[in-house]
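Novice: this is a predicted model, with the sequence first.
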Amino acid sequence: MTINLADEQATLDLAATLAGHTKAGDVIALSGELGAGKTTFARGFIQTKRKTPEEVPSPTFTLVQTYETGDAMIHHFDFYRLNDPEEAYELDIEDAFVTGISLIEWPEKIGALIPAERLDIRLEFSKNPQARQAILTGHRGWIARLQEIERG
């Protein structure tokens, strides 16, 4: 599924829509170049799930930030600075993948550790500097969920 995002608000709206269809154990892999909107998406997702305003800093240096919600703990990972996929184990990814909702920026940095059951979102730049394109690819159970979302 490809979605044209006219501006930052459209990215936040997409994040809010998807947040309404997530549950514990879900993994969303966010890829794209620097500045493509991965952290903006994560902020919108987290704000929607938390239902109360909270600062959502980029976990570029901490590698993970966690947020309590009524449904499940959200683990916002940023693996940009990871040198070896095995380093992700130090961040308790196994527990996050099973009991929480995981938002992963730079998922390619953990290679085969990424769960097969996931939603991939690739954010790409557009000709308009404010616009982006989101390419959503569902794996396993996410295929049916994306079809449901698309039908509205």
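Specialist: Right, received. Where do you want to start?

Novice: helix, strand or coil for the most centrally placed residue in the chain?
Specialist: Nearest to the mean C-alpha position of the chain, by C-alpha atoms, centre = their mean, lies Leu103 at 3.6 Å. Taking DSSP: H, G, I helix; E, B strand; the rest coil as the rule, one finds Leu103 in the strand state.

Novice: what's the answer for Thr137, then?
Specialist: In three-state terms, and counting by three-state DSSP, Thr137 is strand.

Novice: so what's the residue nearest to the centre of the chain bridging to?
Specialist: As for beta bridges, Leu103 partners with Ile28, His76 under DSSP bridges.

Novice: that one reaches Ala42, doesn't it?
Specialist: Yes: contact between Leu103 and Ala42 holds when scored by C-beta atoms under 8 Å: they sit 4.8 Å apart. Placement of C-beta: from N, CA and C, glycine included.

Novice: on that earlier part again, tell me how far the residue nearest to the centre of the chain lies from Ala6.
Specialist: In this structure, Leu103 and Ala6 are separated by 22 Å, where distance is defined by C-beta to C-beta, to the nearest Å.

Novice: where along the protein do the strands fall?
Specialist: According to DSSP state E, the chain carries its strands in the segments 2-5, 27-31, 64-67, 74-78, 101-105, 119-125, 132-138.

Novice: other SSEs contacting the fifth one?
Specialist: Going back to what we said before, that points to strand 101-105. With contacts defined as 3 or more C-beta pairs under 8 Å, 6 or more residues apart in numbering; DSSP states H and E, the secondary structure elements packing on strand 101-105 are strand 27-31, helix 38-50, strand 74-78.
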